[in-house]
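Engineer: Give me a 3D structure for the following:
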Amino acid sequence: MDRRTFLKGLVGGVVVTWPGLLVPRSLRAGELPIGAVESAVRAALSGKKPLIKRTYRPPNFETPVRAFSGVITPNDQFFVRWHLAHIPQVAAETWRLGVGGDSVEHPFELTLDQLKRDFEPVELFAVCQCAGNRRGFSEPHVPGVQWGAGAMGNARWKGARLKDVLARAGLKSDALEIVFDGADYGAIDETPDFIKSLPLWKALDENTLVAYEMNGEALPHWNGFPVRLVVPGWSGTYWVKQLTSISAMPKPETGFWMSRAYRIPKDKFPHIERFLSQEGEDNTPITDMVVNSLMTNIEEGQRLHAGKPVTVKGLAWDGGHGIRTVEVSVNGGRTWRDAQLEQDYGRFSFRAWHHTFTPRRGGKHVLMARATSRQGSTQVYELIFNPAGYHNNVVQRINVVVA
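Structural biologist: Numbers count the residues shown, from 1 in each chain. Below you'll find the predicted structure:
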């Protein structure tokens with residue numbers, strides 16, 4: 001395999017054997033996205049319940065839809081997403097975070113204990129979602145990890161505000177971007193290091209965290225132990241795991257994962273936040289998530305009974321504006337009814353909803369759900385196509401049979 005082929009496979013997700021991985025059984029067809037039928041199986045990583053395997057190395061595993069029964073995604077069922085093959089076991093006692101860069105006055109280093117002790121702890125609920133979630137449903141087919149609907153999760157994150165860490169270093173007036181690196185590395189020297197950056201304004205947002213806890217526990221190894229970046233509202237590509245360095249820089253980051261990867265055509269998604277220092281002539285980096293929803297307790301082809309009430313349950317989320325409404329149709333979109341929104345855990349969190357109806361006649365029916373954000377954005381009926389399969393928020397359709 002030549003270098004170009006390898007790197008293309010790395011971005012798209014090459015399937016390579018991972019020693020010791022358990023692969024107990026195949027999935028039901030209803031859980032499989034287009035293009036992934038042959039490779040998708042249930043598989044268990046250490047410390048995790050069986051997830052849906054998309055690639056072995058790097059490990060990319062998605063959460064089964066049934067695990068989204070509540071607002072909080074359990075740590076042992078939270079999806080796993082890595083770009084590089086080698087993910088070291090990092091010891092909390094020896095981990096260090098370097099804070100520096102050309103645009104700071106006072107570079108310094110932190111231990112985990114110092115991060116917890118010296119900075120005010122903050123907790124918030126936030127969705128972490130891979131930018132390519134639902135890529136496998138793209139028509140026409142696009143390359144990349146063939147995610148279904150489960151490359152996401154919602155957790156209660158705890159950590160220090162990034163802006164507080166940067167304040168200790170003393171930002172210079174020329175700071176433009178904050179650059180992040182982690183402990184993971186590629187299988188060959190030529191593999192581009194996974195380095196990401198944020199615009200200064202997003203880095204200084206009070207909700208952007210250097211996090212060390214997830215749902216009241218230390219971060220799982222597969223989700224970035226001992227420390228990861230949490231960027232509420234923005235796609236998971238910015239949530240750098242096993243964080244080892246933070247650098248304030250006076251110029252744009254030019255590495256592969258910023259200048260070439262995770263980019264979308266300009267003007268395809270008019271409501272997203274802009275990352276001006278990284279914008280190109282024709283494309284722009286992906287930033288915040290688009291409004292979306294998911295039905296979680298009804299399966300494709302499920303049999304319902306005429307005259308018996310059915311409660312459809314689900315989740316809705318967006319890039320941090322919050323959910324205004326969720327509507328449900330039980331007749332393929334001819335009519336819509338408002339679902340009942342449940343407890344609000346904050347504008348970055350999943351919002352649970354439910355809708356009860358009673359089917360009156362037999363035959364085939366199509367259930368649909370669509371969410372609208374407080375910003376006024378609503379899910380789309382046709383895919384906004386882009387070559388990488390990002391931002392798939394097409395209104396979900398589930399076919400059921402009423403007997």
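Engineer: And the strands in the stretch 101-250 of the chain?
Structural biologist: Secondary structure of the stretch 101-250 of the chain (DSSP state E, counting those that start in this stretch): strands located at 108-110, 121-129, 152-161, 177-182, 195-199, 209-214, 217-218, 228-230, 243-249.
Engineer: Export these as JSON lines, with columns for mean neighbour count.
Structural biologist: C-betas here are computed from N, CA, C, even on glycine. Output for the strands of the stretch 101-250 of the chain, formatted as JSON lines (neighbours: other CB atoms under 10 Å):
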{"stretch": "strand 108-110", "mean neighbour count": "15"}
{"stretch": "strand 121-129", "mean neighbour count": "21"}
{"stretch": "strand 152-161", "mean neighbour count": "23"}
{"stretch": "strand 177-182", "mean neighbour count": "24"}
{"stretch": "strand 195-199", "mean neighbour count": "22"}
{"stretch": "strand 209-214", "mean neighbour count": "24"}
{"stretch": "strand 217-218", "mean neighbour count": "12"}
{"stretch": "strand 228-230", "mean neighbour count": "25"}
{"stretch": "strand 243-249", "mean neighbour count": "21"}
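Engineer: and Thr73, which of these is closest to it?
Structural biologist: For those, the distance to Thr73 is smallest for strand 152-161, at 3.5 Å, taking CB to CB.
Engineer: what's the angle from the closest one to strand 121-129?
Structural biologist: Compare the direction of strand 152-161 with that of strand 121-129 by axes from the mean of the first three to the mean of the last three CA atoms, to 10 degrees and you get 150 degrees.
Engineer: CA atoms of strand 152-161 as CSV?
Structural biologist: What follows is strand 152-161, C-alpha atoms only, in CSV (Å, rounded to 0.1, in the frame of the first residue of the first chain):
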residue,chain,number,x,y,z
MET,A,152,-22.9,10.5,19.2
GLY,A,153,-23.7,10.7,22.9
ASN,A,154,-24.7,13.1,25.6
ALA,A,155,-22.9,13.3,28.9
ARG,A,156,-22.4,15.5,32.0
TRP,A,157,-18.9,16.8,31.6
LYS,A,158,-16.7,18.2,34.4
GLY,A,159,-13.5,20.2,34.0
ALA,A,160,-11.9,23.6,34.1
ARG,A,161,-12.8,26.4,31.7
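Engineer: Thr191 against Leu84, yeah?
Structural biologist: Yes - with contacts counted by CB atoms under 8 Å, Thr191 reaches Leu84, the gap being 6.4 Å.
Engineer: Quick one: neighbours of the residue lying closest to His106 once chain neighbours are set aside, just the number.
Structural biologist: Distance criterion CB to CB, 6 or more residues apart in numbering; nearest residue to His106, sequence neighbours excluded, is Gly170 at 4.9 Å. Residues lying near Gly170 (other CB atoms under 10 Å) number 13.
Engineer: Please name whichever of the strands of the stretch 101-250 of the chain is nearest to Arg303.
Structural biologist: strand 152-161 (28.3 Å).
Engineer: can you give me the angle that closest one makes with strand 209-214?
Structural biologist: Using the same axes, to 10 degrees: strand 152-161 against strand 209-214 is 120 degrees.
Engineer: how about the helices in the stretch 151-300 of the chain?
Structural biologist: 162-169, 200-203, 256-259 (DSSP state H, counting those that start in this stretch).
Engineer: Present those as a markdown table; the columns should include distance to Gln340, mean neighbour count and mean pLDDT.
Structural biologist: Output for those, formatted as a markdown table (distance: least, CB to CB, whole Å; neighbours: other CB atoms under 10 Å; pLDDT from 0 to 100):
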| stretch | distance to Gln340 | mean neighbour count | mean pLDDT |
| --- | --- | --- | --- |
| helix 162-169 | 36 | 19 | 98 |
| helix 200-203 | 33 | 18 | 98 |
| helix 256-259 | 41 | 18 | 98 |
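Engineer: Tell me which of those lies nearest to Gly333.
Structural biologist: helix 200-203 (36.3 Å).
Engineer: and the closest one, how far from the chain's centre?
Structural biologist: Averaging C-alpha positions (CA atoms, centre = their mean, to the nearest Å) puts helix 200-203 19 Å from its chain's average.
Engineer: now stretch 275-291
Structural biologist: Relative to its chain's centre, stretch 275-291 lies at 16 Å (CA atoms, centre = their mean).
Engineer: likewise stretch 340-347?
Structural biologist: Its chain's C-alpha centre and that of stretch 340-347 lie 19 Å apart, by CA atoms, centre = their mean.
Engineer: Residues touching it, excluding its own?
Structural biologist: With CB atoms under 8 Å, 6 or more residues apart in numbering as the test, stretch 340-347 has contacts from 71, 124-126, 320-323, 325-326, 351-355, 374.
Engineer: first vs last residue of it, how far apart are they?
Structural biologist: Start-to-end span of stretch 340-347 (CA to CA, to the nearest Å) is 17 Å.
Engineer: same thing with stretch 272-280?
Structural biologist: Stretch 272-280: ends 16 Å apart by CA to CA.
Engineer: Next: stretch 243-256.
Structural biologist: End-to-end span of stretch 243-256 (CA to CA): 18 Å.
Engineer: what does stretch 179-187 give?
Structural biologist: End to end - CA to CA - stretch 179-187 spans 23 Å.
Engineer: Identify the residues contacting it?
Structural biologist: Defining contact as CB under 8 Å, 6+ apart, one finds that stretch 179-187 is touched by 10, 57, 82-88, 90, 101, 191-198, 224, 228-229, 238, 240-249, 253.
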